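*Asks:* take a look and give me a structure for this.
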Amino acid sequence: MRNAAIACLAALALAAACEREARRIDTGMPPVKSAGPRQGTLQPGVPGKGITASAGPLYQEGNALYVATGKRLFRWYNCNGCHASGGGSYGPALTDATWIYGSSPENIHETIAGGRPNGMPSFRGRIPDEQVWQLVAYVRSLGGFVAKDVTSARGDSLGVVDK
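*Replies:* Presented below is the predicted three-dimensional model:
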């Protein structure tokens, strides 16, 4: 028994004395600098080259179910994380009259699909275009651009409390 305790203490002393090897990762690339010239050409208030989407048959901001689906997607894709239920946080507020890139459905679609500099990621190719248009309808409802009878103050999901 005493030999087992001595062996255990010796193993612990050896383990404490071991040092993990130092690893250096060399990619051959220069270090990335966080400050520097702007890499993109997008500027606030100037439509980007990608605004070619037309609010055609996929866009139905007069349909309450369509706007409610956009509300659910807004929560599912964690848009609340930056836009704080439309009131703004890291991302701009969506409930006021100031829209950096415009409030037309096409401009909002391009913001969601193509992203914007300094924070808004591109969702093009990651979510279906119909869902992008549903998000557009909900975002426009936050700004008051959709008829009042289309928007709903309550959550439309069963058994889930929307906040």
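
*Asks:* mind listing the strands for this structure?
*Replies:* In the chain, no strands are defined using DSSP state E.

*Asks:* for it, which spans come out with low pLDDT?
*Replies:* Residue ranges of the chain with pLDDT under 70: 15-57, 152-163.

*Asks:* where is the longest helix in it?
*Replies:* Counting by DSSP state H, the longest helix found in the chain is helix 2-17.

*Asks:* in that one, what counts as buried?
*Replies:* Neighbour counts over helix 2-17 (16 or more other C-beta atoms under 10 Å) mark no residue as buried. All C-beta atoms are positioned from the backbone trio N, CA, C, and that covers glycine.

*Asks:* next, count neighbours for the residue nearest to Ala137 when sequence neighbours are not counted.
*Replies:* Counting by C-beta to C-beta, 6 or more residues apart in numbering, Glu61 is the residue found nearest to Ala137 once chain neighbours are left out, at 4.3 Å. Taking other C-beta atoms under 10 Å as the neighbour definition, Glu61 ends up with a count of 22.

*Asks:* roughly how far apart are Glu61 and Cys82?
*Replies:* With the distance defined as C-beta to C-beta, to the nearest Å, Glu61 ends up 22 Å from Cys82.

*Asks:* Ser141 too?
*Replies:* 18 Å.

*Asks:* quick one: which of those two has more around it?
*Replies:* Ser141 (24 against 14).

*Asks:* from what I see, that one and Lys148 are in contact.
*Replies:* No: Ser141 is beyond contact range of Lys148, at 9.3 Å (criterion: C-beta atoms under 8 Å).

*Asks:* report the contact partners of Gly87.
*Replies:* Residues near Gly87 by C-beta atoms under 8 Å, 6 or more residues apart in numbering: 93-95.

*Asks:* ok, Ala84 next?
*Replies:* Gly91.

*Asks:* grab the nearest non-local neighbour of Tyr59.
*Replies:* Closest to Tyr59 by C-beta to C-beta, 6+ apart is Trp133, at 4.6 Å.
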